[in-house]
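Undergrad: Model the following, please.
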Amino acid sequence: MKRAILLLPLAIFLIVAVFLYRGLFLDPSELPSALIGKPFPVFSLPTVAGDATLTEASLKGKPALVNVWATWCVSCRVEHPVLNELAKRGVVIHGVNYKDVNADAQKWLAEFHNPYQLNIDDAKGTLGLDLGVYGAPETFLIDKDGIIRHKFVGVIDERAWREQLAPLYQELVDEAAQ
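TA: Numbers count the residues shown, from 1 in each chain. Here you go, the predicted model:
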């Protein structure tokens with residue numbers, strides 16, 4: 001009995017060590033989303049420009065990137081020139097301005113250009129919460145029917161676009177053309 005009691009801490013340590021060791025090989029940018037394959041969450045929020053109210057139906061019609069961004073997000077500033085370039089190439093991008101001051105967002109877009117065809121003002125973060133957003137930037141690929149097909153966490157740079165997102169986006173464009 002004494003021997004079993006002495007071995008119990010060793011057994012617990014080994015179990016914990018196995019889980020920690022496994023965690024060393026996980027990709028932190030691969031955050032799973034329970035929304036993959038499901039419709040974009042229901043919402044009704046104003047645009048950043050304040051000239052209309054958008055709903056999930058507003059996002060339907062064409063495959064698109066839905067980019068969660070904010071002026072307080074340092075990584076978003078790094079990502080923004082790439083989004084501008086993608087928009088010039090014809091990639092449909094919608095924005096979700098997450099937990100931000102709307103005047104700051106408008107100033108940002110005037111200064112750094114606006115790659116977004118639609119831009120949702122999510123000042124309270126309710127849409128971000130429904131999307132399971134951990135922070136900005138995060139980007140969702142949606143198909144023409146507004147179904148979430150992929151989630152990308154982190155900065156979209158040219159490499160991430162070319163190697164990961166462009167093939168998925170093109171697949172959605174090809175599906176929409178059929």
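Undergrad: How is A57 assigned, secondary-structure-wise?
TA: helix (DSSP: H, G, I helix; E, B strand; the rest coil).
Undergrad: and it, what is it in contact with?
TA: Counting by CB atoms under 8 Å, 6 or more residues apart in numbering, A57 makes contact with G146. Where you see a C-beta, it was placed from the backbone N, CA and C, and this is true even at glycine.
Undergrad: do you know how far it is from I36?
TA: As judged by CB to CB, to the nearest Å, A57 and I36 stand 20 Å apart.
Undergrad: what does I148 give?
TA: 6 Å.
Undergrad: Compare these two and say which is more crowded by neighbours.
TA: Higher neighbour count among I148 and I36: I148, with 20 against 13, using other CB atoms under 10 Å.
Undergrad: So that one lies in a strand, does it not?
TA: Yes: under three-state DSSP, I148 falls within a strand.
Undergrad: Number of residues surrounding the nearest residue to it once chain neighbours are set aside?
TA: Leaving aside its sequence neighbours, I148 sits nearest to L35 (CB to CB, 6 or more residues apart in numbering; 4.7 Å). Look at L35: counted by other CB under 10 Å, it has 17 neighbours.
Undergrad: And for G37?
TA: 9.
Undergrad: What of the one 3 residues further on?
TA: When neighbours are defined as other CB under 10 Å, F40 has 25 of them.
Undergrad: Which residues does stretch 70-82 contact?
TA: 67, 69, 97-101, 104-105, 107-108, 112-113, 115, 135-137, 154-158, 161.
Undergrad: correction: stretch 89-105
TA: With CB under 8 Å, 6+ apart, stretch 89-105 has contacts from 48, 50, 59, 62-72, 83, 86-87, 115-125, 127-128, 131, 133, 136, 169.
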